[in-house]
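[1] need coordinates for the following:
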Amino acid sequence: MVKNRKDVFNLNREPKAPVESQIIWENYRFTILTTALFRLEYNANGDFEDHATQVVLNRNFNTPEFKKKENDDYIEIITAKAHLIFHKEKGGFTKNNLQIEAIGNYSLYHSSWHFGEKPETLKGTARTLDFTDGAIELKEGLMNKSGYSVFDDSESMCLTDDGWVEKRTKGVTDMYFFGYGRDYLGTLKDYHHLTGKAPMLPRYALGNWWSRYYPYTQEGYKRLIKEFETREFPFSVAVIDMDWHLTDVPSEYGSGWTGYTWDTDLFPNPNAFLSWLKERGLRTTLNLHPANGVQPYEEMYEPMAEEMGIDIEEKKPINFDITNDTFLDAYFKYLHHPHEEIGVDFWWIDWQQGSVTKVEGLDPLWMLNHYHFLDNGRGESRPLVFSRYAGLGSHRYPIGFSGDTSATWDSLDFQPYFTATSSNVGYGWWSHDIGGHFGGKKDNELFVRWIQFGVFSPINRLHSQDGEFSGKEPWRYGNNAERIVKEYLQLRHRLVPYTYTMNVISHFDDFPLIRPMYYHHPWKEEAYEVPNQYYFGTQMIVAPVTTPLKKNLRLGQVKVWLPEGRWYDFFINRAYEGGRTIDMYRSLSAYPVFVKAGGIVPLDQSFSNYTDNPETMEVNVYAGDNGSFSLYEDDGLGKDLEEVTTKMSLMWNQENDDCSIFRIDKPDGNHGVLPAERQFTLTLVGFACHKMPEVYVNDKKIDVEVFRKGKVTKVIIPKQPIDAAYNVYLKDMALKYNDMHGELFRFLDRAQLPASQKEKIYNTVIRGKTSARVISALLALDLDEDLLGAISEIVWANPDEVD
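    Take a look at the predicted model:
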């Protein structure tokens with residue numbers, strides 16, 4: 001048995017449910033974990049399983065309130081959310097003897113489940129998108145409009161107390177019924193309590209990643225990074241694909257697909273190379289295809305073979321056998337730890353060899369993910385692994401690698417839905433091949449749109465194959481695309497204070513970064529009709545553009561549903577009235593991202609490869625409602641969290657005799673992880689500031705700089721000690737209306753249309769007294785559908801604000 005496996009290879013778990021939560025009749029056990037979550041077991045021998053499994057770690061829920069009715073014929077269990085009826089009979093569960101109803105009128109006909117039925121859910125995710133071009137079928141998830149779902153844990157391996165796995169008794173039933181109705185966030189919270197929380201990522205993982213399957217040299221890679229720096233493209237993670245190791249090997253040793261020895265022709269000094277990357281703010285992951293084991297030419301072959309009891313004189317390969325605990329120990333000790341000691345931060349497990357091992361039912365991908373993640377966390381740093389999805393419970397092993405997709409619009413169009421829907425199984429940290437891996441044709445517009453989606457994805461990793469014409473260096477896509485991509489890649493790093501806070505919330509509150517719209521609007525049918533649209537953190541909604549520009553307008557179009565309230569476009573600051581679906585049109589440089597009135601979005605004011613807690617911050621504040629935001633910061637790396645919380649709040653009041661107040665409280669926690677001083681710039685969006693803002697630091701009024709442009713007022717506060725508290729008084733405050741006429745003029749001025757048509761459209765609009773009359777008059781002009789749509793969006797964005 002591996003030494004210290006119990007310390008290194010164990011997850012926190014409490015697999016035994018309270019006795020008070022259990023109802024046992026002969027060879028059946030019912031465990032009421034919550035009022036909506038039941039465990040259903042049958043074992044012909046009457047031996048029930050109390051170990052953790054590959055999926056389930058914790059059954060120690062507080063016993064909920066429930067009623068049990070029992071007689072000679074049946075058992076009935078009733079809670080506030082579910083009603084179970086079991087007709088007593090021997091031989092196991094059947095559709096005739098077990099029924100559970102989700103209480104709450106979620107559906108006229110479909111809120112009752114009979115054993116064996118497979119409910120149609122809102123879907124979950126898939127193992128991989130390898131070699132796909134567009135949509136694929138997804139596995140079922142946990143969310144269901146009809147109010148319930150089930151998952152079967154009967155085939156899952158048990159986790160032993162010493163950190164290993166063992167097979168379960170065959171022929172048992174071990175299932176879980178979720179009856180949370182349309183409380184999707186509640187479903188997810190208890191699912192994470194049952195199966196384990198999503199870990200916190202290290203802060204650097206939230207920046208941009210550079211990845212390419214390409215035989216870089218040490219000097220060539222350094223030149224590339226310097227070029228990125230010169231052109232101001234920030235990256236925080238360097239992904240070195242398989243050419244880091246020897247690949248040109250004698251044929252008797254296979255293809256060279258698997259390898260652990262640095263190719264010193266390409267990387268003559270790996271130690272110096274990895275140190276050089278770290279000095280520039282980049283962490284490193286190496287690609288790994290472990291399936292072919294260890295060949296005799298590898299540097300570490302002899303000591304590993306000796307430990308495995310293999311005669312080194314015979315030069316037999318060390319076969320990959322993840323089910324062998326001696327192999328697993330040596331696998332990490334000789335093949336991985338030495339590379340980590342010189343600077344490798346985590347591993348890209350590129351497993352493509354199926355789901356079969358020597359142990360029936362044991363998936364090698366799950367074993368690799370599980371043990372790599374735990375081994376990577378054996379020190380003080382937060383663990384990380386980069387690998388494919390291996391089924392329920394895989395959220396415990398971030399980050400997900402979705403595989404090699406084709407570089408097409410169809411692939412891009414599927415990824416937002418795929419990413420958001422994965423939250424339905426708690427899998428919140430996908431990394432896609434941004435820009436596509438193979439195939440397709442060069443398309444500057446597609447590249448830009450994919451980058452934009454990547455910036456508003458969990459992980460933004462640019463990637464491509466090794467073809468000379470396949471690179472994703474932004475300057476290879478023309479000046480305009482390069483300029484736009486630069487702005488977005490810089491924005492990704494500027495967003496880290498926001499995304500890192502969401503990383504903390506995801507871990508502690510079981511609240512994924514990306515969530516389908518129906519999570520927050522479960523009874524609005526419109527929320528189910530925009531599958532590509534999603535919440536990005538607590539403050540933003542994103543509606544990706546995944547189709548080409550309309551040729552006649554040079555604008556991308558997407559259908560957006562905005563919930564009730566006032567919303568602002570993050571990029572163009574236009575205000576929208578919500579509660580409706582709108583066709584929106586955006587230039588290549590703009591992207592449909594929305595923040596609700598009262599929203600607060602913290603940004604790093606600068607950008608670099610480093611993603612440290614910033615010294616200069618910009619805070620976007622959106623007018624029209626109260627709002628709050630808690631900024632979470634720590635050292636970004638360690639497992640012993642010394643968390644600092646900075647609360648920000650907007651108290652909106654536009655009454656004549658009062659004022660609105662924006663506050664930044666003194667940070668609460670260990671200030672040692674923060675810079676000694678911090679400078680804030682407040683970007684006030686949608687505020688009509690009739691008087692100069694007044695800023696007080698620790699109750700003392702200070703001088704600030706104020707700049708106004710369009711709908712934005714910037715308040716630049718001088719650098720202050722990190723423990724300062726701020727009050728910003730916004731007197732004589734009102735909403736700043738959309739400049740509808742100005743926006744329309746700029747749109748028409750750019751449009752490739754006859755001047756006479758532009759004049760007619762513009763005059764029609766400016767003569768209108770209300771938005772409704774303007775739209776009515778425009779309909780009479782018999783305009784092209786997209787042209788009318790783009791104009792209507794400007795006019796109708798906020799119908800009561802014709803300015």
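[2] backbone dihedrals for F745, please?
    Backbone dihedrals for F745, given as degrees, to the nearest 10, come out at phi -60, psi -50.
[3] before we move on, what SS does the residue lying closest to it once chain neighbours are set aside have?
    Nearest residue to F745 in three dimensions, chain neighbours excluded: Y762, at 6.6 Å (C-beta to C-beta, 6 or more residues apart in numbering). To be clear about C-beta, it is placed using only N, CA and C from the backbone, and glycine gets the same treatment. Here Y762 is helix, with the state taken from DSSP: H, G, I helix; E, B strand; the rest coil.
[4] and Y762, what pLDDT?
    Predicted confidence (pLDDT) for Y762: 95.
[5] same check, this time on N10
    For N10, pLDDT reads 76.
[6] go on, the one 5 residues further on?
    The predicted local distance difference test score for P15 is 97.
[7] repeat for D732
    According to the model, D732 scores 87 on pLDDT.
[8] so who does it touch?
    D732 is in contact with N656, C659, C689, H690, K691, counting by C-beta atoms under 8 Å, 6 or more residues apart in numbering.
[9] where's it relative to M692, distance?
    10 Å (C-beta to C-beta, to the nearest Å).
[10] circling back to that earlier point, and the contacts of D732, which are buried?
    C659, C689 (16 or more other C-beta atoms under 10 Å).
[11] please narrow the contacts of D732 to those residing in strands.
    Members of the contacts of D732 lying in strands (criterion: DSSP state E): C659, C689.
[12] pull the most distant pair out of the contacts of D732.
    Largest separation among those by C-beta to C-beta: N656 and C689, giving 14.6 Å.
[13] run a quick neighbour tally on F386.
    29 (other C-beta atoms under 10 Å).
[14] quick check, pLDDT for it.
    On the pLDDT scale, F386 gets 99.
[15] can you redo the contacts of D732 as TSV with pLDDT?
    Shown next, in TSV, are the contacts of D732 (pLDDT from 0 to 100):
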residue	pLDDT
N656	55
C659	89
C689	85
H690	84
K691	89
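[16] what's the strand or helix carrying D583 packed up against?
    Secondary structure from DSSP states H and E places D583 in strand 580-586. Under the contact criterion of 3 or more C-beta pairs under 8 Å, 6 or more residues apart in numbering; DSSP states H and E, strand 580-586 touches strand 556-562, helix 785-796.
[17] and those as JSON lines, adding mean neighbour count, mean pLDDT and distance to T217?
    Below are the helices and strands packed on strand 580-586 laid out as JSON lines (neighbours: other C-beta atoms under 10 Å; pLDDT from 0 to 100; distance: least, C-beta to C-beta, whole Å):
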{"stretch": "strand 556-562", "mean neighbour count": "20", "mean pLDDT": "99", "distance to T217": "39"}
{"stretch": "helix 785-796", "mean neighbour count": "20", "mean pLDDT": "95", "distance to T217": "48"}
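[18] can I get these in JSON lines with distance to R461?
    As requested, the helices and strands packed on strand 580-586 are exported to JSON lines (distance: least, C-beta to C-beta, whole Å):
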{"stretch": "strand 556-562", "distance to R461": "23"}
{"stretch": "helix 785-796", "distance to R461": "33"}
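[19] and the strand holding D583, which strands flank it?
    strand 556-562 (antiparallel) (DSSP bridges).
[20] which residues are in contact with the partner strand?
    Contacts of strand 556-562 (C-beta under 8 Å, 6+ apart): 449, 517, 526-527, 529-530, 532-533, 541, 543-550, 576-588, 592, 594, 786, 789.
[21] got the phi and psi for the closest residue to N97 other than its chain neighbours?
    Spatially, and ignoring its direct neighbours in sequence, N97 is nearest to H87 (4.3 Å; C-beta to C-beta, 6+ apart). Per-residue torsions, H87: phi -90, psi 120 (degrees, to the nearest 10).
[22] tally of neighbours for V165?
    With other C-beta under 10 Å as criterion, V165 counts 21.
[23] for S236, what are its contacts?
    Residues in contact with S236 (C-beta under 8 Å, 6+ apart) are 204-209, 281-283, 493, 609-611.
[24] mind pulling up the pLDDT for R767?
    On the pLDDT scale, R767 gets 89.
[25] closest to the centroid, which residue in the protein?
    Central residue of the chain (C-alpha atoms, centre = their mean): P458, 3.1 Å from the mean position.
[26] wait, which of the contacts of D732 is closest to W348?
    Nearest to W348 among the contacts of D732, with distances taken as C-beta to C-beta, is C689, at 49.6 Å.
[27] hmm, that closest one is touching Y729, no?
    No. Between C689 and Y729 there is no contact, the gap being 11.0 Å when judged by C-beta atoms under 8 Å.
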